[in-house]
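*Asks:* Quick one: sequence plus predicted model below, questions after.
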Amino acid sequence: MIKSILSNIQNASKKSQKLLAILLDPDKSTLGEISSIIKRIEKLNADFIFVGGSFVEDGVTSNFVKKLKENTEIPIILFPGDYSQVTNYADGLLFLSLLSGRNPEYLIEQQIKAVPFLKNSTLEIIPTGYILIDGGTNSSVLKVSKTSPIPQNNIELAVSTAVAGMYKGKQLIYLEAGSGAKQVVSAELISEVKKNISIPLIVGGGIRSKEQLKNAYKNGADLVVIGTAFENNEL
Ligand SMILES: CC(C)=CCC/C(C)=C/CC/C(C)=C/CC/C(C)=C/COP(=O)(O)OP(=O)(O)O
Ligand SMILES: O=P(O)(O)OC[C@@H](O)CO
Ligand SMILES: [Mg+2]
């Protein structure tokens, strides 16, 4: 498999071409629904399908991704809440570290646990700094990771966290307001982070309208992730 996901994102970012990913939670759809889901995703012209959830039963992800691959050419990228969601049927893996938190389990332990599954894998592994921002809800990421999000008004901490991630060698920074967030990541926070990093920026959490999508792009997001609004057929 050609490892081109990261370079495609980097090239798009350089040319200010904006990218869209639809997030599918393997727990929330049945295998029978996949072909109609794919039709909706293709209609939206999504560039990527992210697959993951904060709580997904063991083994569910691999069947789900296998079925997706049978139905579409859109690259499938794992966005795992847990190492057990790693499957070789996907094209890529966001190798996340939760940089906003201080829980070693999500800074290094999960990554170590994933290694035996990655040794002979063809997945494109993409080092990603994952930063949770307060979106006004008790998000699943917050509950699972038992970490505090960065307050929306602490722009300095968000920027320093993102830049530290870049210095540590992360290739992408992901600003996450949490699935179903009431407040999306603010315009100022996105633009300040974007100004201070030279790697592509992913933004997600609570984006439900074309207007919010456009704003995230305008403020500096290179790739926007939409989950809940797609699940609820709002797009
Ligand atoms: C590198 C590997 C193998 C794992 C990384 C594990 C880490 C660090 C995860 C970060 C913390 C975390 C729990 C992230 C969850 C990311 C995710 C899939 C969010 C989307 O799921 P939600 O929509 O929030 O959850 P539900 O819909 O399941 O409630
Ligand atoms: O479900 P939504 O609110 O679109 O959030 C997407 C994603 O960023 C969550 O991890
Ligand atoms: Mg969700």
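*Replies:* In hand now; what should we look at? Numbering: from 1, shown residues only. Ligands and ions are numbered 1, 2, ... in the order given.
*Asks:* where does the chain come near ligand 3, residue by residue?
*Replies:* Listed as neighbours of ligand 3 in the chain under the rule Cβ under 5 Å from the ion: 179, 227. Bear in mind the C-beta positions are built from the backbone N, C-alpha and C, glycine included.
*Asks:* Let me know the outermost residue of the chain.
*Replies:* Centroid-distance maximum for the chain: residue 32 at 24.5 Å, with Cα atoms, centre = their mean.
*Asks:* And that residue, how far from ligand 1?
*Replies:* Residue 32 is 20 Å from ligand 1, where distance means Cβ to the nearest ligand atom, to the nearest Å.
*Asks:* Going forward, count from 710.
*Replies:* Yes, from this point I'll number from 710; that puts the last item at residue 741.
*Asks:* So that residue: helix, strand or coil?
*Replies:* helix (DSSP: H, G, I helix; E, B strand; the rest coil).
*Asks:* How about the host helix or strand of residue 850 and ligand 1, touching?
*Replies:* Assigned by DSSP states H and E, residue 850 belongs to helix 849-854. Yes - against ligand 1, helix 849-854 shows contacts by Cβ under 6 Å from any ligand atom at 849-850, 853-854.
*Asks:* Neighbour count for those residues - can I get that in TSV?
*Replies:* Output for those, formatted as TSV (neighbours: other Cβ atoms under 10 Å):
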residue	neighbour count
849	16
850	23
853	17
854	23
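*Asks:* quick revisit: so, in contact with ligand 2 or not, the helix holding residue 850?
*Replies:* No - using Cβ under 6 Å from any ligand atom, helix 849-854 never reaches ligand 2; the gap is at least 6.8 Å.
*Asks:* what does that helix contact?
*Replies:* By Cβ atoms under 8 Å, 6 or more residues apart in numbering, the list of residues contacting helix 849-854 from outside reads 762-764, 790, 807, 810, 812, 814-815, 841, 857-858, 885, 887-888.
*Asks:* got the contact list for the residue most central in space within the chain?
*Replies:* The centre of the chain sits closest to residue 788, judged by Cα atoms, centre = their mean, with a distance of 5.5 Å. For residue 788, the contact set (Cβ under 8 Å, 6+ apart) comprises 732, 759-761, 803, 805, 934.
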